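Visitor: just a sequence and a predicted model for now, questions to come.
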Amino acid sequence: MIEISGLAFAHPGGGFRLDVPELAIAPGSRTAIVGPSGTGKTTLLNLVSGILTPQAGRISVEGENIAALSDADRRAFRIRRIGFVFQSFALVEYLSAFENILYPYRITGHLKLTAEVRERARMLAERTGLGDKLGRKPAALSQGEQQRVAICRALLASPALVLADEATGNLDPENKARILDLLFEQVAAEGATLLAVTHDHELLPRFDHVIDFAAYRSTGG
Ligand SMILES: Nc1ncnc2c1ncn2[C@@H]1O[C@H](COP(=O)(O)OP(=O)(O)OP(=O)(O)O)[C@@H](O)[C@H]1O
């Protein structure tokens, strides 16, 4: 599903450099990424999703070298094939929870908003306990509720690859288990692949693989 080779990335401002010589993530697998703060875990998810592009190397997702695609093609690929739960949620403040879940369908011609999609959005919201809060704007939702809106949005288009950056970080134990169940069920039902950054070591036994990210850091680049 994901094959990385010779990846080198540095932020334009300098100071931080990420080198990943080889990394392979099997289709349908559930992989957790752990590692100290600032080691580049979010940077890797941004590279895999094509939000960032590397200075060198190959990042193949479903056989497509996304590092070599044009900006427009990379964006289209991301919208169609990847669901991303951002650490900061990235919700649109003037839209309701329901409209936020549907947002990817609003901003692109690559996805078609149908009655079935709306129904699926409602189903995901029900399953994450948001059913009675769909009319609220993000400011009127708790952090954990905003997190759940972000998760519903990421899963709505049945992505082949789900990237989750601290997806359970703001949740209480009950909701944490519920969200993880949903993420795992989703990837199992769709045959999707899950790559999740987490600081929550209690959750690690639920994953097939754990990557410790400290190994990929190099400084001074
Ligand atoms: N836009 C940017 N410009 C320059 N440096 C950046 C930028 N964004 C992040 N960095 C730096 O890159 C490094 C890696 O950041 P990243 O967010 O990938 O770490 P992380 O492992 O996900 O951390 P955390 O666990 O705290 O979320 C950090 O040192 C950070 O300060």
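Guide: Everything's here; your move.
Visitor: so, low pLDDT: which residues of this protein?
Guide: 216-221 (pLDDT under 70).
Visitor: all helices of it, in order?
Guide: 41-48, 71-81, 97-106, 115-127, 143-155, 173-190 (DSSP state H).
Visitor: out of those helices, the one nearest the ligand is which?
Guide: Proximity to the ligand (Cβ to the nearest ligand atom) singles out helix 41-48 among those, at 3.3 Å. Glycine gets a C-beta too; all of them are placed from N, C-alpha and C.
Visitor: the ligand contacts on this structure?
Guide: 11, 13, 15-16, 35, 37-43 (Cβ under 6 Å from any ligand atom).
Visitor: filter those residues down to the buried ones.
Guide: 16, 35, 39-43 (16 or more other Cβ atoms under 10 Å).
Visitor: how about stretch 69-86: buried residues?
Guide: Neighbour counts over stretch 69-86 (16+ other Cβ under 10 Å) mark 69, 74-79, 81-86 as buried.
Visitor: could you do stretch 41-57 as well?
Guide: Within stretch 41-57, the residues that count as buried by 16+ other Cβ under 10 Å are 41-52, 54, 57.
Visitor: quick one: residues contacting Gly191.
Guide: 27-28, 160 (Cβ atoms under 8 Å, 6 or more residues apart in numbering).
Visitor: show only the entries of those residues found in strands.
Guide: Among the contacts of Gly191, no member falls in strands (criterion: DSSP state E).
Visitor: between the residues you listed, which is closest to the ligand?
Guide: Closest approach between the contacts of Gly191 and the ligand, by Cβ to the nearest ligand atom: Ala160, at 22.9 Å.
Visitor: show me the contacts for the closest residue to that closest one other than its chain neighbours.
Guide: Leaving aside its sequence neighbours, Ala160 sits nearest to Arg81 (Cβ to Cβ, 6 or more residues apart in numbering; 4.8 Å). Taking Cβ under 8 Å, 6+ apart as the criterion, Arg81 is in contact with 61-62, 159-161.
Visitor: tell me how far Arg81 lies from Pro159.
Guide: 6 Å (Cβ to Cβ, to the nearest Å).
Visitor: what does Arg127 give?
Guide: 17 Å.
Visitor: so which of the two has more stuff around it?
Guide: Pro159 (22 against 18; other Cβ atoms under 10 Å).
Visitor: quick one, what contacts the residue nearest to the more buried one when sequence neighbours are not counted?
Guide: Nearest non-adjacent residue to Pro159, counting by Cβ to Cβ, 6+ apart: Gly83, 3.6 Å away. Gly83 makes contact with 153-157, 159, 161-163, according to Cβ under 8 Å, 6+ apart.
Visitor: hmm, try it at 6 Å
Guide: 154-155, 159, 162 (Cβ atoms under 6 Å, 6 or more residues apart in numbering).
Visitor: isn't Asn170 right next to Gln146, touching?
Guide: No: with contacts counted by Cβ atoms under 6 Å, Asn170 stays clear of Gln146, the gap being 7.7 Å.
Visitor: tell me which of these two has more neighbours.
Guide: Using other Cβ under 10 Å as the criterion, Asn170 and Gln146 rank with Gln146 on top: 21 against 18.
Visitor: I figured that one was touching Arg136, is that so?
Guide: No: with contacts counted by Cβ under 6 Å, Gln146 stays clear of Arg136, the gap being 10.0 Å.
Visitor: first to last residue in stretch 65-76, what's the distance?
Guide: 14 Å (Cα to Cα, to the nearest Å).
Visitor: what's in contact with it?
Guide: With Cβ under 6 Å, 6+ apart as the criterion, stretch 65-76 contacts 50, 53-54, 58-59, 110.
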